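Student: The following block contains a protein sequence and its predicted model.
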Amino acid sequence: MKMSDWHPGDVLIHPVVSEKSMEIAAQGRYVFVVSRRATKTEVKRAVRELYGVDVVKVSIINLPGKPKVWRMHRFRTPRRRKAIVTLAPGQNIPQITEAV
């Protein structure tokens, strides 16, 4: 992807809003589902541009697809990639924490 074609929405797919992710959001760590090709640097830049916060650390987790059975059909859920973003002390993303 060319840097001129780069858009934060291409990197961050959506934030994860769950009980566990909201617990760690209180500690200044937010979870996002990101593009499978996204790097830590791209995630950091996208969060900074979309939410206007300082990012200290980015951890990336690759989740494999799971085998599922529905009636007589077997299939796999798609692979996913999550990023856990740690913000600078005292900063938060109210758009995510207030959505719950």
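Tutor: That came through fine. Numbers count the residues shown, from 1 in each chain.

Student: hey, let's count contacts and neighbours off CA atoms from now on
Tutor: Fine.

Student: so where's the chain shaky on pLDDT?
Tutor: Judged against pLDDT under 70, the low-scoring parts of the chain cover residues 1-4, 99-100.

Student: residue ranges of the strands in it, please?
Tutor: According to DSSP state E, the chain carries its strands in the segments 12-15, 29-34, 55-63, 67-70, 73-76, 80-87.

Student: center of this protein - which residue?
Tutor: Closest residue to the average C-alpha location of the chain: residue 32 at 1.5 Å, with Cα atoms, centre = their mean.

Student: Check whether that residue really touches residue 14, as I assumed.
Tutor: Yes - the pair formed by residue 32 and residue 14 meets the contact definition of Cα atoms under 8 Å, at 5.8 Å.

Student: Residue 34 versus the spatially closest residue to residue 46 that is not a sequence neighbour, what's the distance?
Tutor: Leaving aside its sequence neighbours, residue 46 sits nearest to residue 8 (Cα to Cα, 6 or more residues apart in numbering; 4.5 Å). Residue 8 sits at a distance of 10 Å from residue 34 (criterion: Cα to Cα, to the nearest Å).

Student: Tell me which of those two has more neighbours.
Tutor: More neighbours sit around residue 34 than around the other of residue 8 and residue 34, counting by other Cα atoms under 10 Å; the figures are 25 against 16.

Student: need the contact list for that one.
Tutor: Under the criterion of Cα atoms under 8 Å, 6 or more residues apart in numbering, the contact list for residue 34 reads 11-14, 43, 80-83.

Student: again, but for residue 68
Tutor: Residues 74-77 are the ones in contact with residue 68 under the rule Cα under 8 Å, 6+ apart.

Student: and of the residues you listed, the nearest to residue 48?
Tutor: Distance to residue 48 across these (Cα to Cα) is lowest for residue 77, with 30.4 Å.

Student: Could you report the separation of the residue lying closest to that closest one once chain neighbours are set aside from residue 76?
Tutor: Nearest-residue entry for residue 77: residue 65, 4.8 Å, with adjacent residues in sequence omitted and distances by Cα to Cα, 6+ apart. Using Cα to Cα, one gets 6 Å for the distance from residue 65 to residue 76.
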